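**Q** please find the sequence and the predicted model below.
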Amino acid sequence: MSKVKQNITYVLGSFPAGIESFVFNELKELSKLGFNITVFSVYGKPQYNHGNFEWVSRTIYAEPLYSIKIICSHVYFIFTKPKIYYSLLKKYKSFRGKRVFWESAYFARQVIRRDIGHIHAHFAWVATDAARLIAKLAGTTYSLTAHQSDINRHADKNLYEKLKEARFIFTCTKGNREYLSERFDKDIYRKTTAIYHGVNIEKFLPNARRECPEIDILSIGSLIKAKGFDYLIRACNLLILRGISLKCLIVGKGPEKEYLKELIAHLELQRVVEIKDPVPHDQIHDLYGNTKIFALPVITIDGAPHGVPNVLAEAMAMGLPVVSTHVPNVPELIEHGKDGILVMEKDPDALADAIEDLLNDSNKCKIIGITAREKIKKEFNAHEHIQRIASKFLGQ
């Protein structure tokens, strides 16, 4: 790898707070392959926790808008690239407004100083707006990883421009790639590569599971409607009414927390269902290891499909039987009846039936868990996926 190609920047909306575990894994694994990665954080401020000291120290945070460093960066581009600078200034509102424009000039100056050869953004929101501006000012290229909500439910109006100008695009499901082709054109489809986030199969090992788990049902994710946690709670209520004793743990935070707690109280399930705040990702395998079944009944909202939740893949790597829903993209991960169970979405009765069947059949759980582990090793191995990402960065 040439020096310039080794130097890349990841632009993230906020770092390290709010960053998904797969992004951290991507950064770490690419570093092991020899890439010198600098992170630009558009919103986030340094937070030294969860073992992220190394990455915080390698992150450049936006300066206050009218700081001397920001002003000097703009003066630099006014004199060195006046045509580009003023053309961008005229349409700064299309790049998410003044703040992103002002910060991007500062970041672009850092790109030039550090001899950075390529810029990559995660999520097609503010990070990609900033990446576009930085690349134009610094005279380099950018790419992005598009997920589900940023290209569908909450897509920006200028999404097509972001995709069109990108050197290449990653997305986390084959369904997302097909959706972009249908919504835009074949050029977008051709430059898009579907790469699953993948799982560190050396970290998530079945032998880390306890012989006598304390949790019957585990579910992890942001407490939002799309995760379908209310249907899981209602399924637990049905199981209790059937005389089945169980313990369900939901781990996450989000806008639906109070509603879910009220639902638990209304159904008098306080001793059955517990909602717990997220734990550091390096401790999450302990949760998987202390449960019998993993369930995540994701749903579609306004016709928009869900992505492939990485927690499902992690649970499968641990050899857990998983239960989810038959919505777009999820079947890319789970083959019903073979390496997991899929039920119709928004159907607590079907969900309860599937969970009851697994709770009553330990042999079925074991077989599904073994098959699930093999599926992850073959098709969702994070190490192999990182190699594909690295090849794209190197233009191979």
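**A** Yep, it's here. Residues are numbered from 1 along each chain as shown.
**Q** so how far is residue 136 from residue 101?
**A** 11 Å (Cβ to Cβ, to the nearest Å). To be clear about C-beta, it is placed using only N, CA and C from the backbone, and glycine gets the same treatment.
**Q** okay, and the common contacts of those two?
**A** Common contacts of residue 101 and residue 136 (Cβ atoms under 8 Å, 6 or more residues apart in numbering): residue 88.
**Q** more neighbours: these two, which one.
**A** The neighbour comparison of residue 101 against residue 136 (other Cβ atoms under 10 Å) goes to residue 101, with 22 against 19.
**Q** so where does that one fall, helix or strand?
**A** helix 98-113 (DSSP states H and E).
**Q** hmm, who's touching that helix?
**A** Against helix 98-113 from outside (Cβ under 8 Å, 6+ apart): 9, 11, 38, 40, 42, 60, 62-63, 65, 69-70, 72-74, 76-77, 85, 88-89, 92, 95, 116, 119, 126, 129-130, 133-134, 137-138, 140.
**Q** which among these end up buried?
**A** 9, 11, 38, 40, 42, 60, 62-63, 70, 73-74, 76-77, 85, 88, 92, 95, 116, 119, 126, 129-130, 133-134, 137-138, 140 (16 or more other Cβ atoms under 10 Å).
**Q** narrow those residues to those in strands?
**A** 9, 11, 38, 40, 60, 119 (DSSP state E).
**Q** tell me the one among these nearest to residue 319.
**A** residue 11 (36.5 Å; Cβ to Cβ).
**Q** for the residue nearest to residue 128 when sequence neighbours are not counted, which residues count as its bridge partners?
**A** Leaving out its chain neighbours, the residue that sits closest to residue 128 by Cβ to Cβ, 6 or more residues apart in numbering is residue 121, at 4.3 Å. Residue 121 forms beta bridges with residue 11, residue 144, as assigned by DSSP bridges.
**Q** list the residues that contact residue 121.
**A** 10-12, 127-128, 130-131, 142-145.
**Q** got those residues as JSON lines, with pLDDT columns?
**A** As requested, the contacts of residue 121 are arranged in JSON lines below (pLDDT from 0 to 100):
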{"residue": "10", "pLDDT": "97"}
{"residue": "11", "pLDDT": "97"}
{"residue": "12", "pLDDT": "95"}
{"residue": "127", "pLDDT": "95"}
{"residue": "128", "pLDDT": "96"}
{"residue": "130", "pLDDT": "96"}
{"residue": "131", "pLDDT": "97"}
{"residue": "142", "pLDDT": "98"}
{"residue": "143", "pLDDT": "98"}
{"residue": "144", "pLDDT": "98"}
{"residue": "145", "pLDDT": "97"}
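**Q** identify, from those, the entry nearest to residue 307.
**A** residue 145 (11.5 Å).
**Q** and that closest one, how many residues sit next to it?
**A** 24.
**Q** the closest residue to it other than its chain neighbours: neighbouring residues, count only.
**A** Spatial nearest neighbour of residue 145, excluding adjacent residues (Cβ to Cβ, 6+ apart): residue 170 at 4.3 Å. Residue 170 has 24 neighbouring residues, counting by other Cβ under 10 Å.
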